[in-house]
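[1] Next one to model:
(2 chains)
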Amino acid sequence: ETGVTQTPRHLVMGMTNKKSLKCEQHLGHNAMYWYKQSAKKPLELMFVYNFKEQTENNSVPSRFSPECPNSSHLFLHLHTLQPEDSALYLCASSQDRFTRFYEQYFGPGTRLTVT
Amino acid sequence: AQKITQTQPGMFVQEKEAVTLDCTYDTSDQSYGLFWYKQPSSGEMIFLIYQGSYDEQNATEGRYSLNFQKARKSANLVISASQLGDSAMYFCAMSSNDYKLSFGAGTTVTVRA
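    Purely as a prediction, here's the structure:
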(Lines give C-alpha, C1' and ligand atoms only; values in the text may rest on other atoms or scores of the structure.)
Protein backbone atom coordinates (compact mmCIF):
# COMPACT_ATOMS: atom_id res chain seq x y z
CA GLU A 1 0.00 0.00 0.00
CA THR A 2 1.18 3.50 -0.75
CA GLY A 3 -0.02 6.96 0.21
CA VAL A 4 -3.05 7.34 2.44
CA THR A 5 -5.69 4.63 2.66
CA GLN A 6 -9.15 4.78 4.18
CA THR A 7 -11.65 2.10 5.07
CA PRO A 8 -14.47 1.59 4.51
CA ARG A 9 -15.01 3.51 1.28
CA HIS A 10 -18.77 3.57 1.79
CA LEU A 11 -20.78 3.32 4.99
CA VAL A 12 -24.49 3.41 5.68
CA MET A 13 -25.49 3.56 9.32
CA GLY A 14 -28.55 4.22 11.39
CA MET A 15 -28.66 6.99 13.95
CA THR A 16 -28.29 4.55 16.84
CA ASN A 17 -25.33 2.65 15.40
CA LYS A 18 -21.68 2.87 16.41
CA LYS A 19 -19.07 2.59 13.70
CA SER A 20 -15.46 3.58 13.10
CA LEU A 21 -13.59 5.01 10.14
CA LYS A 22 -9.98 4.01 9.69
CA CYS A 23 -7.12 5.89 8.06
CA GLU A 24 -3.57 4.71 7.51
CA GLN A 25 -0.68 6.64 5.98
CA HIS A 26 2.41 5.01 4.51
CA LEU A 27 4.37 8.23 3.97
CA GLY A 28 6.26 8.53 7.25
CA HIS A 29 4.38 11.72 8.12
CA ASN A 30 3.89 13.05 11.62
CA ALA A 31 0.62 14.96 11.29
CA MET A 32 -2.80 13.55 10.42
CA TYR A 33 -6.14 15.26 9.82
CA TRP A 34 -9.85 14.55 9.54
CA TYR A 35 -11.96 16.68 7.20
CA LYS A 36 -15.67 16.69 6.45
CA GLN A 37 -16.90 17.53 2.95
CA SER A 38 -20.63 18.18 2.64
CA ALA A 39 -22.40 18.91 -0.60
CA LYS A 40 -21.96 22.49 -1.76
CA LYS A 41 -19.72 23.43 1.20
CA PRO A 42 -15.96 23.90 1.45
CA LEU A 43 -13.93 21.28 3.23
CA GLU A 44 -14.20 21.62 6.99
CA LEU A 45 -11.28 20.71 9.20
CA MET A 46 -12.39 18.52 12.10
CA PHE A 47 -9.30 17.30 13.98
CA VAL A 48 -5.53 17.58 13.78
CA TYR A 49 -3.01 15.21 15.34
CA ASN A 50 0.72 15.88 15.48
CA PHE A 51 3.02 13.14 16.78
CA LYS A 52 -0.10 11.31 18.09
CA GLU A 53 -1.22 14.33 20.12
CA GLN A 54 -4.44 16.11 19.27
CA THR A 55 -3.66 19.74 18.49
CA GLU A 56 -6.95 20.92 17.01
CA ASN A 57 -10.59 20.20 17.64
CA ASN A 58 -12.56 22.48 15.40
CA SER A 59 -15.71 22.63 17.54
CA VAL A 60 -16.75 19.17 16.44
CA PRO A 61 -19.76 17.57 18.21
CA SER A 62 -18.88 14.87 20.73
CA ARG A 63 -20.64 12.21 18.65
CA PHE A 64 -17.40 12.24 16.62
CA SER A 65 -14.48 10.86 18.61
CA PRO A 66 -10.99 10.67 17.09
CA GLU A 67 -8.23 8.30 18.09
CA CYS A 68 -4.59 8.30 17.01
CA PRO A 69 -2.71 5.29 18.44
CA ASN A 70 0.46 6.08 16.45
CA SER A 71 1.66 8.43 13.73
CA SER A 72 0.50 6.09 10.96
CA HIS A 73 -3.05 5.36 12.06
CA LEU A 74 -6.06 7.57 12.68
CA PHE A 75 -9.58 6.55 13.58
CA LEU A 76 -12.86 8.41 13.74
CA HIS A 77 -15.39 6.76 16.03
CA LEU A 78 -19.01 7.58 15.26
CA HIS A 79 -22.05 7.20 17.52
CA THR A 80 -25.61 8.49 17.55
CA LEU A 81 -25.10 10.47 14.36
CA GLN A 82 -27.65 12.73 12.71
CA PRO A 83 -28.74 12.72 9.05
CA GLU A 84 -26.88 16.02 8.53
CA ASP A 85 -23.65 14.17 9.31
CA SER A 86 -23.94 12.42 5.96
CA ALA A 87 -20.88 13.54 4.00
CA LEU A 88 -17.53 12.52 2.56
CA TYR A 89 -14.98 12.15 5.35
CA LEU A 90 -11.43 12.67 4.20
CA CYS A 91 -8.26 11.79 6.04
CA ALA A 92 -4.98 13.54 5.25
CA SER A 93 -1.39 13.53 6.40
CA SER A 94 1.57 15.90 6.13
CA GLN A 95 5.17 15.97 7.20
CA ASP A 96 4.19 17.99 10.24
CA ARG A 97 1.45 20.39 11.25
CA PHE A 98 3.12 23.55 9.93
CA THR A 99 0.72 23.55 7.04
CA ARG A 100 1.99 26.72 5.42
CA PHE A 101 5.07 24.82 4.27
CA TYR A 102 3.95 21.26 3.72
CA GLU A 103 1.32 19.90 1.41
CA GLN A 104 -1.23 17.47 2.74
CA TYR A 105 -1.84 14.12 1.10
CA PHE A 106 -5.40 12.85 1.18
CA GLY A 107 -6.98 9.45 1.24
CA PRO A 108 -9.87 8.45 -1.05
CA GLY A 109 -12.46 9.26 1.61
CA THR A 110 -15.34 7.43 3.24
CA ARG A 111 -18.80 8.26 1.89
CA LEU A 112 -21.04 8.18 4.96
CA THR A 113 -24.82 8.05 4.80
CA VAL A 114 -26.80 8.32 8.03
CA THR A 115 -30.36 7.00 7.77
CA ALA B 1 -9.41 34.82 9.62
CA GLN B 2 -8.25 33.71 6.23
CA LYS B 3 -10.57 33.52 3.28
CA ILE B 4 -10.22 31.88 -0.12
CA THR B 5 -12.44 32.93 -3.00
CA GLN B 6 -12.99 30.97 -6.19
CA THR B 7 -15.50 32.86 -8.29
CA GLN B 8 -15.91 30.35 -11.12
CA PRO B 9 -18.28 27.54 -10.11
CA GLY B 10 -17.84 25.75 -13.44
CA MET B 11 -15.80 25.96 -16.62
CA PHE B 12 -15.69 24.19 -19.96
CA VAL B 13 -12.46 23.83 -21.92
CA GLN B 14 -11.64 22.20 -25.23
CA GLU B 15 -9.16 19.34 -25.19
CA LYS B 16 -5.55 20.50 -25.77
CA GLU B 17 -6.37 24.10 -24.83
CA ALA B 18 -5.21 25.93 -21.71
CA VAL B 19 -7.53 26.95 -18.88
CA THR B 20 -7.03 29.41 -16.03
CA LEU B 21 -8.76 28.91 -12.68
CA ASP B 22 -9.07 32.00 -10.52
CA CYS B 23 -8.26 32.16 -6.83
CA THR B 24 -7.99 35.16 -4.55
CA TYR B 25 -7.13 35.08 -0.90
CA ASP B 26 -7.28 37.36 2.07
CA THR B 27 -4.78 37.29 4.90
CA SER B 28 -2.86 39.77 7.01
CA ASP B 29 -0.02 37.31 7.57
CA GLN B 30 3.28 37.76 5.74
CA SER B 31 4.19 34.09 5.63
CA TYR B 32 1.72 31.71 4.06
CA GLY B 33 1.44 28.85 1.63
CA LEU B 34 -0.91 28.47 -1.31
CA PHE B 35 -1.99 25.11 -2.67
CA TRP B 36 -4.10 23.69 -5.46
CA TYR B 37 -5.84 20.33 -5.25
CA LYS B 38 -7.77 18.29 -7.80
CA GLN B 39 -10.76 16.18 -6.78
CA PRO B 40 -12.06 13.73 -9.41
CA SER B 41 -15.49 12.20 -9.06
CA SER B 42 -13.90 9.34 -7.11
CA GLY B 43 -13.47 11.74 -4.18
CA GLU B 44 -9.75 11.69 -3.50
CA MET B 45 -8.05 15.10 -3.15
CA ILE B 46 -4.88 15.13 -5.23
CA PHE B 47 -2.17 17.69 -4.46
CA LEU B 48 -1.10 19.58 -7.59
CA ILE B 49 1.13 22.52 -6.80
CA TYR B 50 2.45 24.71 -3.96
CA GLN B 51 3.54 28.35 -3.79
CA GLY B 52 5.16 29.92 -0.74
CA SER B 53 4.52 33.58 -0.08
CA TYR B 54 8.24 34.36 -0.18
CA ASP B 55 8.88 32.45 -3.40
CA GLU B 56 9.88 34.93 -6.08
CA GLN B 57 9.23 32.63 -9.00
CA ASN B 58 5.88 31.17 -9.98
CA ALA B 59 5.60 27.47 -9.20
CA THR B 60 5.34 24.97 -12.04
CA GLU B 61 4.66 21.23 -12.00
CA GLY B 62 4.40 19.64 -15.41
CA ARG B 63 1.28 21.03 -17.11
CA TYR B 64 0.32 23.00 -14.00
CA SER B 65 1.59 26.48 -13.25
CA LEU B 66 0.59 28.92 -10.57
CA ASN B 67 0.30 32.58 -11.52
CA PHE B 68 1.16 34.23 -8.20
CA GLN B 69 0.43 37.96 -7.94
CA LYS B 70 1.17 38.87 -4.35
CA ALA B 71 0.06 42.50 -4.49
CA ARG B 72 -3.30 41.45 -5.90
CA LYS B 73 -3.51 38.48 -3.53
CA SER B 74 -4.26 36.12 -6.35
CA ALA B 75 -2.97 32.62 -7.07
CA ASN B 76 -4.49 31.44 -10.32
CA LEU B 77 -3.90 27.92 -11.60
CA VAL B 78 -3.12 27.45 -15.28
CA ILE B 79 -3.56 24.00 -16.81
CA SER B 80 -1.93 23.77 -20.21
CA ALA B 81 -2.81 21.30 -22.97
CA SER B 82 -5.98 20.08 -21.24
CA GLN B 83 -6.74 16.37 -21.28
CA LEU B 84 -10.02 14.53 -20.75
CA GLY B 85 -8.63 13.24 -17.46
CA ASP B 86 -8.38 16.81 -16.18
CA SER B 87 -12.16 16.93 -15.75
CA ALA B 88 -12.60 17.33 -12.00
CA MET B 89 -13.23 19.78 -9.19
CA TYR B 90 -10.28 22.05 -8.40
CA PHE B 91 -9.73 23.62 -5.00
CA CYS B 92 -7.49 26.50 -4.01
CA ALA B 93 -6.27 26.42 -0.40
CA MET B 94 -4.14 28.54 1.89
CA SER B 95 -2.37 28.16 5.19
CA SER B 96 -0.73 30.84 7.29
CA ASN B 97 0.16 31.29 10.91
CA ASP B 98 -2.67 29.29 12.41
CA TYR B 99 -1.42 26.07 10.85
CA LYS B 100 -4.75 25.22 9.26
CA LEU B 101 -5.47 24.66 5.61
CA SER B 102 -8.49 26.67 4.43
CA PHE B 103 -10.17 25.71 1.18
CA GLY B 104 -12.16 27.67 -1.37
CA ALA B 105 -15.52 26.51 -2.70
CA GLY B 106 -13.96 24.92 -5.77
CA THR B 107 -14.28 25.15 -9.56
CA THR B 108 -15.60 22.31 -11.68
CA VAL B 109 -13.67 21.85 -14.92
CA THR B 110 -15.14 19.87 -17.79
CA VAL B 111 -12.83 19.06 -20.70
CA ARG B 112 -14.58 18.53 -24.04
CA ALA B 113 -13.19 16.28 -26.77
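
[2] Tell me what the spatially most central residue of chain A is bridged to.
    What sits nearest the mean C-alpha location of chain A, by CA atoms, centre = their mean, is residue A:34, with 2.8 Å. Each beta-bridge partner of residue A:34 is listed here, defined by DSSP bridges: residue A:47, residue A:91.

[3] I'd say it and residue A:77 touch.
    No. Residue A:34 is not in contact with residue A:77 according to CB atoms under 8 Å; the separation is 11.1 Å. C-betas here are computed from N, CA, C, even on glycine.

[4] and for the two, which residues touch both?
    Contact criterion CB atoms under 8 Å, 6 or more residues apart in numbering or on different chains; residues shared by residue A:34 and residue A:77: residue A:66.

[5] who does the lowest-mean-pLDDT helix or strand in chain A pair up with?
    Taking mean pLDDT, DSSP states H and E as the measure, strand A:53-57 is the helix or strand of chain A with the lowest mean score, a mean of 81. Partner strands for strand A:53-57, per DSSP bridges, with pairing direction: strand A:44-50 (antiparallel).

[6] Which of the residues in the strand it pairs with are classified as buried?
    Along strand A:44-50, the positions that meet the burial threshold by neighbour count (16 or more other CB atoms under 10 Å in any protein chain shown) are A:44, A:45, A:46, A:47, A:48, A:49, A:50.

[7] how far is that strand from where the chain is centred?
    Put simply, strand A:44-50 sits 8 Å off its chain's centre (CA atoms, centre = their mean, to the nearest Å).

[8] Contacts for that strand, please.
    With contacts defined as CB under 8 Å, 6+ apart, strand A:44-50 is touched by A:30-38, A:54-58, A:60, A:64, A:66, A:68, A:74, A:76, A:96-97, B:99-101.

[9] quick one: low-confidence parts of chain A?
    Within chain A, the stretches falling below the threshold (pLDDT under 70) are A:1.

[10] Close to chain A: what parts of chain B are there?
    Counting by CB under 8 Å from any CB of the partner chain, the residues of chain B lying close to chain A are B:4, B:31-33, B:35, B:37, B:42-47, B:50, B:52-53, B:91, B:95-97, B:99-106.
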